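Engineer: Make a model of this:
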Amino acid sequence: MSVVRETDFKDLNLLRRGKVRDIYEMDEYLLFIATDRISAFDVVLPDCIPSKGHVLTAISIFWFSFLKDIVGNHLQGTDISEFPDVCHKYNESLKGRALLVKKAATFPVECIVRGYISGSAWGEYKKNGKVCGITLPSGLKESDKLPEPIFTPSTKAEHGHDINISFDEASGIVGKSQMEKLKELSVNIYKKASEYALSKGIIIADTKFEFGLLNGEIILIDEVLTPDSSRFWPKAKYISGVPQESFDKQIVRDYLLTLSWDKTYPGPSLPPEVIEKTTQKYKEILSILTG
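Structural biologist: Got it, this is the predicted structure:
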């Protein structure tokens, strides 16, 4: 299986390259292509993770279907034979990593839900007992399960670092009424997905969603509950008070934290063993969640 770092389709209109996705504009649709790029600390690294784009695409398709009773989504098609004719010459590059989606007006915030305290939330909690302005119970340990999932939005940066913000700050960006709806949807999605994942032996510690507005309706867009947007922990190995083994790109983050890198572009190269281990983790979580 070939590795795709970026696409170059001369006769298609490249709208933008994200950290992982190349997005082309096609009349009323967008063509989302998940490459094998990987980012860490909001920096795209020079190496790719083989099969990563296929895993992200397959997992997102699974969750879009699983969650459609809670919220609609932007998915128009996954079968390349049904894509616009201009796409067909690129079948080999698109196979398994492309989604045809409806255009939506994107809400400029990341909708993050945390069921366990880890990562940047743990760092913030240690400083002041709060996460994004939400006061949490005292005495929590790293990786502890929270009494209830919390909604902790952030800014949405196309390049550079997302910044955690309070609900009121997010409301100032998109409006309080819309933010209330986004919060309710995000928590409901997280709860349903978490219950399912737990039945498969996986803890979803936290995740982030993106939403858009289409014909006046809020819909789920971009990727959903993938190893790039979530922390997946094996339930059987969970221990409170310590960092957890994970089925996501934490392997890459952990390696990078051993370096004297300032978390700015350009990122360092990854050793072959880190790339291989990350590839296997991505494939493993796809198999566990979707069978």
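Engineer: Once you drop chain neighbours, what's closest to L259?
Structural biologist: P268 (5.9 Å; Cβ to Cβ, 6 or more residues apart in numbering). The C-beta positions use only the backbone N, C-alpha and C, and glycine is treated the same way.
Engineer: wait, the one you found sits on D47?
Structural biologist: No - counting by Cβ atoms under 8 Å, P268 stays clear of D47, with 9.1 Å between them.
Engineer: So between the two, which is more surrounded?
Structural biologist: The neighbour comparison of P268 against D47 (other Cβ atoms under 10 Å) goes to D47, with 20 against 15.
Engineer: Go through the helix or strand hosting the more buried one and flag the buried ones.
Structural biologist: Assessed by DSSP states H and E, D47 sits inside strand 43-48. By neighbour count on 16 or more other Cβ atoms under 10 Å, the buried set for strand 43-48 is 43-45, 47-48.
Engineer: ok, longest helix in the chain?
Structural biologist: Ranked by residue count under DSSP state H, the longest helix found in the chain is helix 176-199.
Engineer: The next helix or strand after that one pairs with which strands, parallel or anti?
Structural biologist: Next helix or strand after helix 176-199 toward the C-terminus (DSSP H and E): strand 202-214. Strands that pair with strand 202-214, judged by DSSP bridges, come out as strand 105-106 (antiparallel), strand 109-116 (antiparallel), strand 217-221 (antiparallel), strand 230-234 (antiparallel).
Engineer: tell me the mean pLDDT for strand 202-214?
Structural biologist: Here strand 202-214 scores 97 as its mean pLDDT.
Engineer: what do you get for stretch 164-173?
Structural biologist: 94.
Engineer: what's in contact with that stretch?
Structural biologist: 108-109, 120, 124, 131-133, 151-155, 179, 183 (Cβ atoms under 8 Å, 6 or more residues apart in numbering).
Engineer: Then stretch 252-259?
Structural biologist: So stretch 252-259 is contacted by 38, 40-41, 45, 263, 267-268, 270-271, 274, 278 (Cβ under 8 Å, 6+ apart).
Engineer: Quick check: buried residues in it?
Structural biologist: 252, 255-256.
Engineer: go on, stretch 200-220?
Structural biologist: In stretch 200-220, counting by 16+ other Cβ under 10 Å, buried: 202-212, 214, 218-220.
Engineer: K89 versus the spatially most central residue of the chain, what's the distance?
Structural biologist: Note on the chain: the residue nearest the mean C-alpha position is S229, at 2.2 Å, using Cα atoms, centre = their mean. For S229, the distance to K89 equals 31 Å [Cβ to Cβ, to the nearest Å].
Engineer: related to what we said a few turns ago, CA atoms only: put the longest helix of the chain into PDB for me.
Structural biologist: Coordinates of each C-alpha in helix 176-199 appear next as PDB, following Å, rounded to 0.1, in the frame of the first residue of the first chain:
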ATOM      1  CA  LYS A 176     -24.500  31.500  23.100                       C
ATOM      2  CA  SER A 177     -27.600  29.800  21.700                       C
ATOM      3  CA  GLN A 178     -25.500  27.900  19.100                       C
ATOM      4  CA  MET A 179     -22.800  27.100  21.600                       C
ATOM      5  CA  GLU A 180     -25.400  25.600  23.900                       C
ATOM      6  CA  LYS A 181     -26.500  23.300  21.100                       C
ATOM      7  CA  LEU A 182     -22.900  22.400  20.200                       C
ATOM      8  CA  LYS A 183     -22.300  21.500  23.800                       C
ATOM      9  CA  GLU A 184     -25.400  19.300  24.100                       C
ATOM     10  CA  LEU A 185     -24.600  17.500  20.900                       C
ATOM     11  CA  SER A 186     -21.000  17.000  21.800                       C
ATOM     12  CA  VAL A 187     -21.700  15.500  25.200                       C
ATOM     13  CA  ASN A 188     -24.500  13.300  23.800                       C
ATOM     14  CA  ILE A 189     -22.200  12.000  21.000                       C
ATOM     15  CA  TYR A 190     -19.400  11.300  23.500                       C
ATOM     16  CA  LYS A 191     -21.600   9.400  25.900                       C
ATOM     17  CA  LYS A 192     -23.000   7.100  23.200                       C
ATOM     18  CA  ALA A 193     -19.600   6.500  21.600                       C
ATOM     19  CA  SER A 194     -18.000   5.900  24.900                       C
ATOM     20  CA  GLU A 195     -20.500   3.400  26.000                       C
ATOM     21  CA  TYR A 196     -20.000   1.500  22.700                       C
ATOM     22  CA  ALA A 197     -16.200   1.700  22.900                       C
ATOM     23  CA  LEU A 198     -16.200   0.500  26.500                       C
ATOM     24  CA  SER A 199     -18.200  -2.600  25.300                       C
END
